[in-house]
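[1] My questions concern the predicted model and sequence given below.
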Number of protein chains: 2
Amino acid sequence: MSNLWKVKADNFINEKESIMRTGNMFQISNGYMGYRGTLDEFGSEQLVGITLAGIFDQVGDAWREPINAPNGAYTKLVVDGISVSALKTEIISHTQQISLSNALFERDTLFAVNNKQVQVKSKRFLSAETPNLMVVEYSFSTNVDAEISVNTGIDYNVWDLNGPHLVDIEANKSNNMLTVIAKTHELGKKLAVAELIDYAEGDEQHLISNNLNLRLISIKAKAGNTYTFYKYVAVVKQGDPFKGSKKNAAIELVSVALQKGFSSNFEAHNAQWAKKWEKCDVKIEGDDEAQLALRYSIFQLLMVAPVKGSANSIPARALSGQVYKGAIFWDTEMFMFPFFVYTYPEVAIELLKYRINTLDGARRKAASEGIGYRGAFYAWESQETGDDACTYFNIGDPHTGRDLRTHFRDKQIHISGDVAVAMWEYFKLTTDDSLLRNGGAEVILECARFYYSYAYYKKDKDRYELLDVIGPDEYHERVNNNIFTNKIASETFRVALDAVNYLKENFASDLDALLAKIEIANEIPLFQEAFEKLYLPQPDKETGVIEQFDAYYKLEDATVEDVKSRVIHPNEYLGAGQGVAVQTQVIKQADAIMMLNLFKEHYSHEVKKANWEFYEPRTEHGSSLSACAYALVAADIGKSEWAYKYFLKTAKLDLEAKYKVYVGTIFMGGSHPAANGGAWMATIFGFAGVKAYSNKVSINPKLYDKWKSLSFNLSYKGDNFAIKITPDETTVQSLGSNIASHKFVLGEKEFVCDPGRKIETKY
Amino acid sequence: MSNLWKVKADNFINEKESIMRTGNMFQISNGYMGYRGTLDEFGSEQLVGITLAGIFDQVGDAWREPINAPNGAYTKLVVDGISVSALKTEIISHTQQISLSNALFERDTLFAVNNKQVQVKSKRFLSAETPNLMVVEYSFSTNVDAEISVNTGIDYNVWDLNGPHLVDIEANKSNNMLTVIAKTHELGKKLAVAELIDYAEGDEQHLISNNLNLRLISIKAKAGNTYTFYKYVAVVKQGDPFKGSKKNAAIELVSVALQKGFSSNFEAHNAQWAKKWEKCDVKIEGDDEAQLALRYSIFQLLMVAPVKGSANSIPARALSGQVYKGAIFWDTEMFMFPFFVYTYPEVAIELLKYRINTLDGARRKAASEGIGYRGAFYAWESQETGDDACTYFNIGDPHTGRDLRTHFRDKQIHISGDVAVAMWEYFKLTTDDSLLRNGGAEVILECARFYYSYAYYKKDKDRYELLDVIGPDEYHERVNNNIFTNKIASETFRVALDAVNYLKENFASDLDALLAKIEIANEIPLFQEAFEKLYLPQPDKETGVIEQFDAYYKLEDATVEDVKSRVIHPNEYLGAGQGVAVQTQVIKQADAIMMLNLFKEHYSHEVKKANWEFYEPRTEHGSSLSACAYALVAADIGKSEWAYKYFLKTAKLDLEAKYKVYVGTIFMGGSHPAANGGAWMATIFGFAGVKAYSNKVSINPKLYDKWKSLSFNLSYKGDNFAIKITPDETTVQSLGSNIASHKFVLGEKEFVCDPGRKIETKY
């Protein structure tokens, strides 16, 4: 079964697309930085990217994006004066792999050089214990004696999509320590990379050339001997919790790491990974394909979970590069947060702290969009300040070469509700009110205030409406009363009222201080009224279908194929004002269906079924967020094969990496952590039928036929549970370390599960 | 001065564009039908068009448009076996002209054929007394004896933009009478054309060939003799007020006409025209250019005034062809109606009866657009039923060949207010309440109901708003709180309340019946509230400028030249979703300025000046309606040279016919009656400073420097006045036939003007 913990490639395809895809698939990350799955000898042309979390830069009018660090893991071999690279040297064999258990990257390449065989092996990990640290074990051997130079050091030819972001770069070698320091272009934020190396044999020279700060280590290699080098690399950026200069901090980090040695660093790293998997693994018996895809998905999420205390969140393309500006979208709260809050709340809280820290940016956005609103309108593409990195002209029109005005930024108002509802969900499922009391309630109230400020009252219908919005289905801009948006706004009013009530009962003086601070006391009754009177499009009495927005039914009922056949230019976007889907019922992604998943307990089986069957054939799935919503609702309504199909589509997205990576000349590659989260949700919320409420955990399994069992852990209100579902029974084991008894509803039956006890229900 | 009553061309340019323009410039009309200014021997290729008022047809999915009748005025000469036509025969000299005094078309062509000179003269008029009747006098002479055949009859090769509209065509000759009967394609409406001819000499044969129902009249012409033919042609369509078949009615009409003879028919026609000019002429001393242009403009309006009792209105391209679907736009109420209501109320009432007759169409539109509204939402492009002929996809995109979704139809809601306000204006300025009592008040109330149904209340601002509209500036679709729209809606609520009050005081039972019929009594208080609380964007306290719509100022402040320079394709529309003007402050036409003209008494001089100066440089004048609004407000604020420049631009539009006639392959030619009305408004409302209210007529002259005097007539509350303005004085002569005394305010001075008296003020 070890193959279910590894992803491996058995050859090397020397082709741009393939190198990009491999770079994605074999990326590693530790939440502080990512390192794409590229080979030691590769450079910026091969999209080597060490993308850092939480630091951004803008050059001119180009997109603002995260910065990539200089590559301290760079190593290239020169054999008998011939430089060796997978890009130009004959390859006899090549494998590369990552271990899902510990995010270890390994490569093993047998080159033919000058009639000699040279084997290069390396291992690389980004320490899960020491976030700034990267460790590499690099070794080689030859079958014939050879003159070898190991050129290793820091490559500061940095790959940037919209750079160069680093300026004032200084490379240095001092006391055997290689360093590169730099500043960011826009804000002058400091960055340092230090590298130390440990090896047994060789004569070292130093060379700075072509933006490479290099050690040239000469070895007269003996046939059959293996020569091994241990590289310790630290990246330190401004804002990291170190005293003194970034450079000194980096030097200190690598010095300590070298002193500890490879094994010790690796063990500490592995111990952290063991903890992660203990909390988060999901075991599927009877379906290796699903098992590997799901585990790979979970692995992606675990890798990019923000460093504790960083209050970073997870960008839409994680740390796989600069695509989508390294920005945080609704993806995080709606597709990744559930995984963490159900299994790993310590990470979930970081994601939400990020939103608390960027509340002022959301306030600024509310005040400045359109005619100006009150409250918090979170950024559609959020970076470190919470100001919106999303441009108003977001899509290139291949017909005219112009940028099209889109309304993602100014009209996709559901983002604030996504944040507010997640904030409350964290409290509900953890009972940890620290977040609520330290900014969370403020976020929720400011989001409610925003919706009230955005809403109009239709007097002759005695209801509030939300006009001129974009729902998750981005092909239809500027619509009225989008069901997803109205529902999430309605829930925002609800949680705002709940939060006020909770604080009133438990922390009255906190509440008073908060209400006074943001001068909102008079508005609470308005939130109550808006909650009662906000229009929620209802299921049609005959069909059960909820119209996605006002007059959606009047659009042309074209098929997805029809719409696609109207495309003239391959890079044509289907939405954005006059795209070919805009005037049709074809939608980009789950919208009503996403809502029915989020609030599944508010709608009947019939309504969910009717809507799934209505919207599924109308969905183009132009977003990677779409499939999992269809999987989730399909599982809920018993469409098991459909659920499985959409689950696999979601779960295999990054593992297969078949998505489009270049749209025209624009690089769009990168990983899809929201789909990864979607795979977990499809499994746990979908097939296992889990949903946690403030007073119970409900488990209604819809196990896929092929699966013999499904085992996973849940965290609920600070306690932990091991759950196993088979076709015949469901068991819930409350861990012995648990504190409290909790209500579980297994199928129809209610149980109280005491600490250390196991409950089970048979079918 | 006779040249100020004629428009003449001294040559013939055998070129498609020129033939089209000449066809426009020399068109004649009598409100029942138009006849383009083409030559007797021309056919459909030369855009001969006899466009009928009030009858429409659609073929397949093509645009629905008015029908053109077969041409009973067709005559072609054959000299010595050689057919003679300006298109291919050598022309020695050619003139053609129309008389503005009586809409008489004349041509005089000297041809060289077979080494002989042949002179062809013809006169043509569409009877102003008998709307169905067309009369032609056709004569020829030769300088050498010749064998002549006069081929004359009915050409039923009909020019259609989106036809063929006529089916089941039958041509016949019986008892010397030529007839062509047909039906319309869509609705099977019947049409008949009959022709009789009167001539002294010749042998006649009959031929039906190539869709020509022809008399071939052979004459051995003697040198120097003139041979004259009088043709009487009647067109009768279904719905005309005749008993029996259309064919018989047409036959009867031409029989009677022939019996009366040319002179008698012509005199009756001229008598009608004399009456028109007596009411409507405007004399400008000292500026022949302005005089001719203005008179030509007035002439255009008088020609196309609907036939009494027809309840037709005037299409945006009058009866000059099928362009713009022969549809009635806001042009009529806002740009043509003022001329008629101030000078010729018998015509004004027809225009409004048309709106009363199409109220049900407006109700259907309100109920079916978007999510459905209540009340009356008048068609953007209105035909005989009031259902909207405007398509949702109205503009071709030259980049993709697709039709772009525009919102002219569904969002240009100011149309209902334009109608309602005109309806009330008619009552106010005539005191004729027959219209109000017979559908007018119902129209007004249904328009107010529509706006109430469309409006949203913003609770936290305690105001109603009108969201998601297009104002007159069509480059900016789907905007909120457009000043023109909100103001006209506000005035609609006002006139609805005024109308209710008037009826309550004078015709209480009529009112009760109306309120009961349309079940609207409960809504009247809502109209009062909406009138009080509808948001009207106010002039900025610092600058005086009124923001055209919410967040207009946030758009790019690009110049008109900037925006035009971004155009890639010559046929690219600047608006429609993603056009190059959309995200800029460049506007298509007067919008705030149009509002400031309509409600000039509500705003200060400073505000009007500030807005004119702000918006004028931002206006692209992509509509022929734009210039006159700038002329009007320029005159109002004392920008005399600007007023004159824009006045001339408006007044000369059709006279010079320099506009674009082919957009790509699409024919867009035709006359511009709204600009014609604009020229009159610029003169009378602008330079003469006239405005009539319910309790007074105010005259504040801003006479253009060059003008020695300006003389015109006004109709006010059923009485008539001759007004003369010179740089030194203004005199108002109340006609002796007048009934009542009326208040006039000349400059600052108030006068009561009794019947038969003259008042004057000197400066």
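    Structure received. Numbering: from 1, shown residues only, chains lettered A, B, ... in the order given.
[2] Just the CA atoms of stretch A:450-463, as CSV, please.
    What follows is stretch A:450-463, C-alpha atoms only, in CSV (Å, rounded to 0.1, in the frame of the first residue of the first chain):
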residue,chain,number,x,y,z
PHE,A,450,-22.3,46.1,4.5
TYR,A,451,-25.3,44.0,3.3
TYR,A,452,-27.7,46.3,4.9
SER,A,453,-26.1,49.2,3.2
TYR,A,454,-26.1,47.4,-0.1
ALA,A,455,-29.7,46.2,0.2
TYR,A,456,-32.8,48.0,-1.2
TYR,A,457,-36.2,47.7,0.2
LYS,A,458,-39.0,47.0,-2.2
LYS,A,459,-41.9,48.7,-0.5
ASP,A,460,-44.7,47.3,-2.6
LYS,A,461,-43.4,43.8,-2.0
ASP,A,462,-42.4,44.4,1.6
ARG,A,463,-39.0,42.9,1.2
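[3] ok now it, how far from the chain's centre?
    The chain centroid and the centroid of stretch A:450-463 are separated by 35 Å under CA atoms, centre = their mean, to the nearest Å.
[4] any residues touching it, and which ones?
    A:362, A:366, A:373-377, A:413, A:416-417, A:464-467, A:489, A:492-493, A:523, A:526-527, A:530, A:533-535, B:452-453, B:456-460, B:465, B:467, B:526 (CB atoms under 8 Å, 6 or more residues apart in numbering or on different chains). (C-beta placed from N, C-alpha, C; glycine too.)
[5] so which residue of the stretch 201-350 of chain A comes closest to chain B?
    Chain B sits closest to residue A:325 of the stretch 201-350 of chain A, with a gap of 21.5 Å, by CB to the nearest CB.
[6] Check the stretch 301-450 of chain A too.
    Proximity of the stretch 301-450 of chain A to chain B (CB to the nearest CB) peaks at residue A:399, 4.2 Å away.
[7] Next up, the contacts around that residue.
    Each residue near residue A:399 by CB under 8 Å, 6+ apart is listed here: A:568, A:569, A:572, B:399, B:400.
[8] And for chain A, the residue most distant from the center?
    Most distant residue from the mean C-alpha position of chain A: residue A:145, 47.1 Å away (CA atoms, centre = their mean).
[9] and that one, what does it touch?
    Listed by CB under 8 Å, 6+ apart, the contact partners of residue A:145 are A:220, A:221, A:222, A:223.
[10] Select only the buried ones of the residues you listed in PyMOL?
    Applying 16 or more other CB atoms under 10 Å in any protein chain shown to the contacts of residue A:145, the buried members can be selected in PyMOL as follows:
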select buried, chain A and resi 221
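[11] Can you lay out the contacts of residue A:145 as JSON lines showing secondary structure, distance to chain B and pLDDT?
    Shown next, in JSON lines, are the contacts of residue A:145 (DSSP: H, G, I helix; E, B strand; the rest coil; distance: CB to the nearest CB, whole Å; pLDDT from 0 to 100):
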{"residue": "A:220", "secondary structure": "strand", "distance to chain B": "65", "pLDDT": "96"}
{"residue": "A:221", "secondary structure": "strand", "distance to chain B": "62", "pLDDT": "96"}
{"residue": "A:222", "secondary structure": "coil", "distance to chain B": "68", "pLDDT": "96"}
{"residue": "A:223", "secondary structure": "strand", "distance to chain B": "66", "pLDDT": "96"}
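[12] which one among the contacts of residue A:145 gets closest to residue A:316?
    residue A:221 (45.5 Å; CB to CB).
[13] quick one: the closest one and residue B:403, what's the gap?
    Distance, residue A:221 to residue B:403, using CB to CB, to the nearest Å: 71 Å.
[14] and what of residue A:259?
    Look at residue A:259 and residue B:403: by CB to CB, they are 72 Å apart.
[15] For the two, indicate the residue with more neighbours.
    Taking other CB atoms under 10 Å in any protein chain shown, residue A:259 and residue B:403 do not tie; residue B:403 has more neighbours (16 against 11).
[16] Unless I'm misreading it, the more buried one sits right up against residue B:577, doesn't it?
    No: judged on CB atoms under 8 Å, residue B:403 makes no contact with residue B:577 at a distance of 11.5 Å.
[17] quick one: the residue lying closest to residue A:222 once chain neighbours are set aside from residue A:200, how far?
    Nearest non-adjacent residue to residue A:222, counting by CB to CB, 6 or more residues apart in numbering or on different chains: residue A:145, 5.7 Å away. Remark: distance between residue A:145 and residue A:200 (CB to CB) = 17 Å.
[18] residue contacts, residue A:404?
    A:393, A:394, A:395, A:396, A:397, A:573, A:576, A:577, B:578.
[19] could I get the residues you listed as JSON lines with pLDDT?
    JSON lines is the format used below for these (pLDDT from 0 to 100):
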{"residue": "A:393", "pLDDT": "91"}
{"residue": "A:394", "pLDDT": "86"}
{"residue": "A:395", "pLDDT": "88"}
{"residue": "A:396", "pLDDT": "88"}
{"residue": "A:397", "pLDDT": "91"}
{"residue": "A:573", "pLDDT": "91"}
{"residue": "A:576", "pLDDT": "88"}
{"residue": "A:577", "pLDDT": "81"}
{"residue": "B:578", "pLDDT": "88"}
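[20] List only buried entries from the residues you listed.
    Buried, going by 16+ other CB under 10 Å: A:394, A:395, A:396, A:397, A:573, A:576, A:577, B:578, out of the contacts of residue A:404.
[21] Counting neighbours, what do you get for the residue of the stretch 101-250 of chain A found nearest chain B?
    Residue nearest to chain B within the stretch 101-250 of chain A (CB to the nearest CB): residue A:162, separated by 22.2 Å. By other CB under 10 Å, the residues close to residue A:162 number 16.
[22] Against residue B:296, how distant is the nearest residue to it once chain neighbours are set aside?
    Excluding the flanking residues, the one nearest residue A:162 by CB to CB, 6+ apart is residue A:62, at 3.8 Å. With distances taken as CB to CB, residue A:62 is found 57 Å from residue B:296.
[23] same check, this time on residue A:574
    The span separating residue A:574 from residue B:296 equals 51 Å under the rule CB to CB.
[24] of the two, who's got more company?
    residue B:296 (24 against 21).
[25] That one belongs to a helix, doesn't it?
    Yes: the assignment for residue B:296 is a helix, going by DSSP: H, G, I helix; E, B strand; the rest coil.
[26] what distance separates stretch A:456-464 from the centre of its chain?
    The chain centroid and the centroid of stretch A:456-464 are separated by 39 Å under CA atoms, centre = their mean.
[27] pLDDT of that stretch, averaged?
    The average pLDDT within stretch A:456-464 is 96.
[28] Check which residues of that stretch are buried.
    By neighbour count with 16+ other CB under 10 Å, stretch A:456-464 contains the buried residues A:456, A:457, A:458, A:459, A:463, A:464.
[29] Mind pulling up the pLDDT for the residue in the stretch 51-200 of chain A positioned nearest to chain B?
    Nearest to chain B in the stretch 51-200 of chain A, going by CB to the nearest CB, is residue A:61, at a distance of 13.9 Å. Residue A:61 is assigned 91 on the pLDDT scale.
[30] host element of it?
    Counting by DSSP states H and E, there is no helix or strand that carries residue A:61.
[31] burial count for it?
    Around residue A:61 there are 8 other residues, counting by other CB under 10 Å.
[32] Check residue A:739 too.
    10.
[33] ok, it touching residue A:719?
    Yes: in this structure, residue A:739 is within contact of residue A:719 by CB under 8 Å, at 6.1 Å.
[34] which residues do those two both contact?
    Jointly contacting residue A:739 and residue A:719 under the rule CB under 8 Å, 6+ apart are residue A:755.
[35] Let me know whether residue A:717 touches residue A:428 as I believe.
    No: if you go by CB under 8 Å, residue A:717 and residue A:428 don't touch, sitting 9.0 Å apart.
[36] Fine by me, we can end here.
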